[in-house]
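Asker: the following comprises the amino acid sequence and a computationally predicted model.
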Amino acid sequence: QVQLVESGGGLVQAGGSLRLSCAASGLTFSSFVMGWFRQAPGKEREFVAAIRWRGGSTDYAHSGRGRFTISKDNAENEVYLQMNSLKPEDTAVYYCGLDRTDASPTMRDVLAYDYWGQGTQVTVSS
């Protein structure tokens, strides 16, 4: 059974950095996508960044481009989100997701993701 466990959230001042981690277990797929999404109170879950496990291609939402970097460790089955120059509007619960088929034409589609972690809170103070 697939399990995703996020860590690394916290409270940081604007302009600061955080590194989120997502540890995955129970992986039996040969080609899949790992993504980071976030959800602020009263808002829908939105795409942040994603990476293909095979090949390593990435995609970023415009909001994080140039500030966020997604990476992976194949040996440890972990995916990371390095977030720099954080802004108050980045405040949200951040979720790690897994798309087990990589069949969607885009890595940004929240509906394509089959598994989710419990989320980790990121709060950026002004």
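Answerer: Thanks, I have it.
Asker: partners of the helix or strand hosting Leu20 in the sheet?
Answerer: Element membership for Leu20, per DSSP states H and E: strand 18-25. Paired neighbours of strand 18-25 in the sheet (DSSP bridges): strand 3-7 (antiparallel), strand 78-83 (antiparallel).
Asker: buried sites along the shortest one?
Answerer: Neighbour-count burial for strand 3-7 flags Leu4, Glu6 (criterion: 16 or more other C-beta atoms under 10 Å). For glycine as for every other residue, the C-beta is placed from the backbone atoms N, C-alpha and C.
Asker: next, count neighbours for the spatially closest residue to Glu76 that is not a sequence neighbour.
Answerer: Leaving aside its chain neighbours, Glu76 sits nearest to Ala23 (7.5 Å; criterion: C-beta to C-beta, 6 or more residues apart in numbering). By other C-beta atoms under 10 Å, 16 other residues sit near Ala23.
Asker: where does Ala23 land on pLDDT?
Answerer: Here the pLDDT value assigned to Ala23 is 97.
Asker: so what's it bridging to?
Answerer: Beta-bridge partners, per DSSP bridges, of Ala23: Val5, Glu78.
Asker: contacts only, for it.
Answerer: Counting by C-beta atoms under 8 Å, 6 or more residues apart in numbering, Ala23 makes contact with Leu4, Val5, Ser7, Glu76, Asn77, Glu78.
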